[in-house]
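Predicted structure and sequence below. I'll ask about it afterward.
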Amino acid sequence: MIARYVGRRLLQSAFVLWLAVTLAFLAMQLTPGDPAQALLAASGATEKEIAERRAQLGLDAPLPLQYGRYLWSLAQADLGQSWLHGRPVGQMILEQLPATAELAVSATLVGSALGVGLGVLAALRRFTWLDTAATTVAVIGLSTPTYWSGLLAILLFSLHLGWLPPTGEGDLRHLVLPSLVLGFALSGSIARLVRARIAQVMEEPFVQAARARGIPSWRVILAHVLRPALPIVLTVIALQFGFLLGGAVITESVFARRGLGKLAVEAILWRDLPVIRGVVVFGALAYVLVNLAADLAQAWLTPRLREELA
Amino acid sequence: MSHVIEWSARPSRPLLHQPVALASLAWLVLAVLGTVLSPLLAPEGPLAADTTRSLLPPGTGSLMGTDLLGRQISTRLLWGGRWTLGMGFLGLAIAVGLGLPTGLAAGFLGGRIESVTMQSVDALLAFPGLLLAMAVVAVLGPGMASVAIAVGLAAAPAYARVARSAALEVRTQPYVEAVRALGGSAWRTLIHHVLPNAAAPLAAFAATQLGWILLNSAALNFLGLGAPLGVPEWGAMLDEGQGYLRDAPWVSAFPGLALTLTVLAANLLGDSLQEALQPK
């Protein structure tokens, strides 16, 4: 049954999430230096005060107990407190989330439109100059650092032409350049994957058969190639979500935008480990959920897969 | 517009017959040579400042212009290659060093070892790469060594996956089965028969991964998590130039161009290697 597939996929997602959460916990343990000391060292606290603080933070407990407490608080959606700001990490993440989500969604739209367009074009005209042109654009998108294309875009569209604001946030105009830059980078891998998958579909016997029956090429493409390829495209886009998260961090830095990226970079520089851990766990959760949703949607949209899984 | 769909597969071409591959290889060799020879090519060193020549544009007695302190961008690029390319190759060595034995062993031995290993690898793969690298930098503390280790670790699971499928493909070949039947030990078979025959796809993927590693290690440097202030690492140079983009765009334009070309060369080389291996 399909329920079995859903169950297996859920279990798998839970495993990935558990692994991320546990790695984040172990990473904190491996980090040299003592949080209590780091927190109080600047204030010239005595040994006794540091020891008290350590007990207060639960750091004197045995490791398995600390791990259990950590999992328990995560289960209650409690990501702990920032060492630097003394505020709940969950709240800090939620504050930054809208800015990052806005960028991620608009960049995904740009990247998907461009990537799917290029990929389909290349696959349908495989081994022609159009294919070469499309795959060249894709590999350039894949290879160009967003922190360079972003600066070039600011230079051209903001400083020289004066069309768009260079940095900061506010209205939609501030969103155009960051989404174009991140979307272009995203489109590279989407285009390559879409091209490969559609080329695969075109080798399928049912497509060959449709062509042999003399159905016009455009109808073969629309009804027999693009329609079955649709769910695949969905998965390809979801797979890029991890890249998107990383890309958003960099793009935010280039365009001086608020967001999770700024939060994470600041936290690493100040060694604010609870915040880093929070962002990592949150990122893993988002990634797992997006891919789970895409896989389930694909299973739903692909009749054959539904049967195979049954 | 004609509606003929091209169905036939393109015949594979040997690497040396692909102009793109040759150009990519040439650029990579040039970049490495420039880095190695930087003390000869630019003996004044990357820190030689001359404040009377601050922010000179390219061409005015200076190949790529100068930065705020009057340091030559071209010189800094040549010297900075050791950091940028060094982190790239170190990261790749870590990714291959961890991924290759893991993947080969899993693919060759099969059974329970394989399924446990690959499930863990898949879980790691399901984790956003740059985020993983940032977490590792957080643990190790900012610095260029941390960046190389972080990016290498983040890239290792993907390499293990590719190594496994390469080993898997070779394992079932008759000649490997013959060696095994003749009493060759698993270890010997792996080193002498599986590895050489799986080398080509592994090299192709290594080139592609070098691109990813370079892109992301320079990204972490750009974010200020790697090179200390003043070190001419390319990502850090880009970051430096951000401040005077309006008046002196060349300060970040050239490091960005060098980096993009290098990443592009690595990606194209990976593609070409894959194309050269195409026939089945």
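Looks like it arrived, so ask away.

Now do the longest helix along chain B: distance to the chain's middle.
Identified as the longest helix of chain B according to DSSP state H is helix B:73-109. From the chain centre to the centre of helix B:73-109 is a distance of 6 Å (C-alpha atoms, centre = their mean, to the nearest Å).

how about the strands in the stretch 51-200 of chain B?
Read by DSSP state E, counting those that start in this stretch, the stretch 51-200 of chain B holds no strands at all.

Let me know the pLDDT of the closest residue to chain A within it.
Closest to chain A within the stretch 51-200 of chain B is B:L130: 2.8 Å, counting by C-beta to the nearest C-beta. Any C-beta I mention is one placed from the backbone N, CA and C, and that applies to glycine too. B:L130 is assigned 85 on the pLDDT scale.

pLDDT value on the residue nearest to it when sequence neighbours are not counted, please?
In space, not counting the residues next to it along the chain, B:L130 is nearest to A:G246; the distance is 2.8 Å by C-beta to C-beta, 6 or more residues apart in numbering or on different chains. As summarised for this prediction, A:G246 has a pLDDT of 83.

Could you report the neighbour count for A:G246?
Neighbour count for A:G246, taken as other C-beta atoms under 10 Å in any protein chain shown: 22.

contacting residues for it?
Residues near A:G246 by C-beta atoms under 8 Å, 6 or more residues apart in numbering or on different chains: B:P128, B:G129, B:L130, B:L131, B:N216, B:A219.

repeat that with 7 Å
A:G246 is in contact with B:P128, B:G129, B:L130, B:L131, counting by C-beta atoms under 7 Å, 6 or more residues apart in numbering or on different chains.

and if you look at A:V220?
A:V207, A:A210, A:R211.

Repeat that for A:L114.
Listed by C-beta under 7 Å, 6+ apart, the contact partners of A:L114 are A:G183, A:F184, A:S187.

Of the residues you listed, which belong to helices?
Using DSSP H to define helices, the subset of the contacts of A:L114 located there is A:G183, A:F184, A:S187.

Can you pull the poorly scored residue ranges out of the chain?
Reading this off chain A. A:1, A:32-44, A:303-310 (pLDDT under 70).

oops, I was thinking of chain B
In chain B (pLDDT under 70), the answer is B:1-12, B:278-280.

State the distance from the spatially most central residue of it to A:W148.
Note on chain B: the residue nearest the mean C-alpha position is B:L210, at 1.4 Å, using C-alpha atoms, centre = their mean. Between B:L210 and A:W148 the computed distance is 18 Å (C-beta to C-beta, to the nearest Å).

ditto for A:V233
As judged by C-beta to C-beta, A:V233 and A:W148 stand 28 Å apart.

swap in A:A286?
Note on A:A286: its distance to A:W148, by C-beta to C-beta, is 27 Å.

more neighbours, the two?
Comparing A:A286 with A:W148 by other C-beta under 10 Å, the one with more neighbours is A:W148, at 25 against 20.

check which helix or strand covers the more buried one.
According to DSSP states H and E, A:W148 maps onto helix A:146-153.

Just list what that helix packs against, helices and strands only.
Packed against helix A:146-153 by the contact rule (3 or more C-beta pairs under 7 Å, 6 or more residues apart in numbering or on different chains; DSSP states H and E) you find helix A:173-203, helix A:241-254, helix B:250-276.

Report the distance from the last one to the chain centre.
Mean-position distance between helix B:250-276 and its chain equals 10 Å (C-alpha atoms, centre = their mean).

which residues does the residue nearest to the centre of chain B contact?
Residues near B:L210 by C-beta under 7 Å, 6+ apart: B:G88, B:L92, B:A266.
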